[in-house]
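> kindly generate the corresponding structure for this input.
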Amino acid sequence: MSFPETRMRRLRRNKTMLRLVRETTLAVDDLVCPLFICPGRQIQKPVPSMTNCFYYSPDKAAQKAKQIAQLGIPAVLLFSQAREKDAAGSDAFAEDAPLQQAVREIKNNVGELLVATDLCLCAYTTTGHCGIVKDKKIDNDETCRALAKAALSHAKAGADIIAPSDMMDGRVAYIREALDENDFQDIAIMAYSAKYASCFYGPFRDVAGSAPTFGDRTTYQMDPPNADQALTEIQLDIEEGADIVMVKPALAYLDVISRARERFSCPIAAYNVSGEYMMLNLAAKQQVFDLDTAMMETLLSIKRAGANIIITYFAERAAQLLRGKS
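Numbering: from 1, shown residues only. All right, here's what the predicted structure looks like:
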């Protein structure tokens, strides 16, 4: 039937009707809040390239984590600066490194909050690359061994979820084997499975001090035109032991999220990255639109595409709105 028998506006006649027939809902339970860790104590300082984002020393990170948990957000994702960089990225797997300290501080003070740790070497190597460089090339397998060692240090510190973001071939298998052999079978792996070589990471690279000193990341991160390849990457990570898979960035790759949702039954995370976050902030500053309205529409689009988990710098602000506390 068509008009006049069918009138689609019947289901949009008021806000209560809209609520009743709504197909997609966004909840606080969907959100993960990234936190940036820095060396030292009693430090909380603004991130110059990202509005309302801060570096936290491990002790301050625990205080911040408590505030995040009180909003009902179920998890944080930790990134860290290195104390010192070297060719091997040694601070990535040091037991007393800032990230490992922060994990212990948070789990000791906010035990119910899930702690995920970003696992990569880019912030720890003198090259700024996500792997160990030999003759101007990334040594894939040596990098995987270093990542497995770092993952084990995260697990020993108390991490609930290990999130490898390096895009090395086979790294999930290396990490899963290292965890299982050391009685960490219950630690989940959230793999950055379809991580694209994107310009939208710009503000974050300033945060982490992880811009490459030569070349770029196109030999390991995915080429933006490719979507079929993303499904293969995801399939391989699942076969290697990933419990959660991720598409990153989110907004420019909603089609990839959707296709992954149609094909795979495991939880799918999407990372609403720093460049996407700052686009909305800068546009709102110019009064192009209301920030909260644009933020919620954006996050809903990621959920509608099929993501179960949304990692976003808007997590606290969105949680406040969803809980009616704004």
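
> going by C-alpha atoms from here, please, whenever you check contacts or count neighbours.
Noted.

> pretty sure Gly40 sits against Ser57.
Yes - with contact defined as CA atoms under 8 Å, Gly40 reaches Ser57; the gap is 5.5 Å.

> tell me which of those two has more neighbours.
More neighbours surround Ser57 than the other of Gly40 and Ser57, with 23 against 13 (other CA atoms under 10 Å).

> can you get me a residue count around Gln185?
Gln185: 12 neighbours (other CA under 10 Å).

> part of a strand, is it?
No - counting by DSSP: H, G, I helix; E, B strand; the rest coil, Gln185 is not found in a strand; it is coil.

> you'd agree it is up against Ile175?
No - in this structure Gln185 lies outside contact range of Ile175 using CA under 8 Å: 10.9 Å.

> low-confidence ranges in the stretch 51-200 of the chain?
By pLDDT under 70, the stretch 51-200 of the chain contains no weakly predicted segment.

> all strands of it, in order?
Along the stretch 51-200 of the chain, the stretches classed as strands by DSSP state E, counting those that start in this stretch are 54-56, 75-80, 114-119, 133-134, 137-138, 161-164, 188-195.

> and the stretch 201-326 of the chain, by the same measure?
Using DSSP E, counting those that start in this stretch, strands in the stretch 201-326 of the chain cover 244-248, 268-272, 309-312.

> what strands flank the shortest one, and is each parallel or antiparallel?
Here strand 309-312 is paired, per DSSP bridges, with strand 31-37 (parallel), strand 268-272 (parallel).

> which non-adjacent residue is nearest Lys149?
Phe93 (6.3 Å; CA to CA, 6 or more residues apart in numbering).

> tell me the most buried of the strands paired with strand 309-312?
strand 268-272 (a mean of 25; mean count of other CA atoms under 10 Å).

> using CSV, list the CA coordinates for that one.
Provided in CSV are the C-alpha atoms of strand 268-272 (Å, rounded to 0.1, in the frame of the first residue of the first chain):
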residue,chain,number,x,y,z
ILE,A,268,32.6,-5.4,17.4
ALA,A,269,34.2,-2.2,18.7
ALA,A,270,34.6,1.0,16.7
TYR,A,271,37.0,3.8,17.6
ASN,A,272,35.7,7.3,17.2
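
> residues touching that strand, excluding its own?
By CA atoms under 8 Å, 6 or more residues apart in numbering, the list of residues contacting strand 268-272 from outside reads 244-251, 257, 260-261, 302, 306-313.

> could you give the angle of it to strand 188-195?
Put simply, strand 268-272 runs at 60 degrees to strand 188-195, going by axes from the mean of the first three to the mean of the last three CA atoms, to 10 degrees.

> ok and strand 268-272 relative to strand 244-248, angle-wise?
Using the same axes, to 10 degrees, strand 268-272 lies at 30 degrees relative to strand 244-248.

> give the rounded mean pLDDT of strand 268-272.
Strand 268-272 carries an average pLDDT of 98.

> what sits against Lys60?
Contacts of Lys60 (CA under 8 Å, 6+ apart): Arg41, Gln42, Ile43, Gln44.

> how about the residues you listed in TSV, adding neighbour count?
TSV is the format used below for the contacts of Lys60 (neighbours: other CA atoms under 10 Å):
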residue	neighbour count
Arg41	13
Gln42	12
Ile43	17
Gln44	19
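
> output those as JSON lines; include the columns secondary structure.
Shown next, in JSON lines, are those (three-state DSSP):
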{"residue": "Arg41", "secondary structure": "coil"}
{"residue": "Gln42", "secondary structure": "coil"}
{"residue": "Ile43", "secondary structure": "coil"}
{"residue": "Gln44", "secondary structure": "strand"}
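
> now, among those, which is nearest to Leu147?
Among the contacts of Lys60, Arg41 lies closest to Leu147 (CA to CA), at 26.5 Å.

> Serialize the strands paired with strand 309-312 to JSON lines and add fields for distance to Glu181.
Formatted as JSON lines, the strands paired with strand 309-312 follow (distance: least, CA to CA, whole Å):
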{"stretch": "strand 31-37", "distance to Glu181": "29"}
{"stretch": "strand 268-272", "distance to Glu181": "26"}
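
> who wins for proximity to Met1 among these?
Using CA to CA, those put strand 268-272 closest to Met1, at 37.3 Å.
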